[in-house]
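[1] model the following, please.
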Amino acid sequence: MMTKAASGTENAAEIAPTSFLSRHWQKLIALALWLLMAGLFIWFLRSNGYSLTEGVFTLLAGIAGSVWGPLLFMLIYALRPLTFFSAALLTIAAGFLFGPFWGWFYATIGANAGALLAFAIGRYFGSGVLEENESAGMVQTYARRMREESFITIMIMRLIFLPYDLVNYLAGFLRIDWRAFLLASLIGSFPGSIAFVLLGAAASPEAIESLFRTGEIPALDWRVLALSVIMFVASVGLSLYVKRREPNSAA
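    The predicted model follows:
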């Protein structure tokens, strides 16, 4: 009797659900380290009298004209998601530092490298979370639809300028296919990146500094501004066109 009782107790312990902490302690530690590094970085900037945008501007000004400038810029852009710094500001800075073509080229490489980094982080932290609650209802349904229509969904999100990092982390969290994610991001971000790079290419050094330090939008050549507006409108129009043509089952 005692043997059977002990065996039953062991079996019950085996099938008993474990706590959230025991299942995800590694992720919680990783999250704590991430927040610690971000906090130390912000503390370092504040202790030297810089805000986050001012610190990034000083860093970009330091690499301007350097032979390693393009590589360092792409590295900064790739690591940007860890600080949630504005992707739009870096894209504008790319146009100012490297001109329209090379600015777009370097910004595109850096942006997509950063998108994959954020995607991987979201995938790591989201692993097993949805699967643990199969009765999540609407969340599970939306996640399944995004996986089934991942390319068209991500591309529309890019075309309508949803927050860049939100899309990256969400796609990873929902475990979307990374190849579809990367291709959709590259195509969907094209009009917007061109528009922001052109804004930066047409701005003066004083205007760029004012943009980073105060957020003041620089005065621009009307022709460049018109082209940027055209690219923005084309982006929104393309998203509407794609949305109308997507299957009824799309997210």
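[2] can you give me the end-to-end distance of stretch 155-173?
    17 Å (CA to CA, to the nearest Å).
[3] no no, stretch 182-196
    20 Å.
[4] any low-confidence regions in the stretch 101-250 of the chain?
    127-142, 217-225, 227-229, 231-232, 235-236, 239-240, 242-243, 245-250 (pLDDT under 70).
[5] which residues of it fall in helices?
    Assigned by DSSP state H, counting those that start in this stretch, the stretch 101-250 of the chain shows helices spanning 138-148, 150-159, 164-173, 178-188, 190-201, 205-214, 222-245.
[6] residue 78: which of these is closest?
    Taking CB to CB, helix 164-173 is the member of the helices of the stretch 101-250 of the chain nearest to residue 78, at 11.9 Å. Yep, even glycine has a C-beta here, placed from its N, CA and C like the rest.
[7] tell me which residues of the closest one are tucked away?
    The neighbour-count check on helix 164-173 (16 or more other CB atoms under 10 Å) flags 164-165, 167-173 as buried.
[8] and for stretch 144-158?
    146-147, 149-158.
[9] now swap in stretch 105-120 and tell me
    For stretch 105-120, burial by neighbour count (16+ other CB under 10 Å) applies to 105-108, 110-119.
[10] for residue 91, the count of nearby residues, please.
    Residue 91: 27 surrounding residues under other CB atoms under 10 Å.
[11] wait, what's in contact with it?
    Applying CB atoms under 8 Å, 6 or more residues apart in numbering, we find residue 91 in contact with 103, 107, 111, 193, 196-197, 200.
[12] let's see 6 Å
    107, 193, 196-197 (CB atoms under 6 Å, 6 or more residues apart in numbering).
[13] how about residue 106?
    By CB under 6 Å, 6+ apart, the contact set of residue 106 is 70, 73-74, 94, 98.
[14] if you set the cut-off to 8 Å instead, what comes out?
    70, 73-74, 77, 94, 98.
[15] same check, this time on residue 113
    74, 77-78.
[16] try residue 102
    Contact analysis of residue 102 by CB under 8 Å, 6+ apart lists residue 70.
[17] what do you get for the one 5 residues further on?
    By CB under 8 Å, 6+ apart, the residues touching residue 107 are 77, 90-91, 94-95, 193, 196-197.
[18] and of the contacts of residue 106, the nearest to residue 59?
    residue 73 (9.4 Å).
[19] wait, the closest one sits on residue 64?
    No. Using CB atoms under 8 Å, residue 73 is not in contact with residue 64, being 9.2 Å away.
[20] separation between the closest residue to residue 37 other than its chain neighbours and residue 226?
    Take residue 37 and drop its neighbours on the chain: the residue closest to it by CB to CB, 6 or more residues apart in numbering is residue 82, 7.6 Å away. Counting by CB to CB, to the nearest Å, the gap from residue 82 to residue 226 is 36 Å.
[21] other residues contacting stretch 42-62?
    Counting by CB under 8 Å, 6+ apart, 73, 76, 83, 85-86, 89-90, 93, 97, 208-209, 212-213, 215 sit against stretch 42-62.
[22] between the residues you listed, which sits nearest residue 180?
    residue 90 (24.7 Å).
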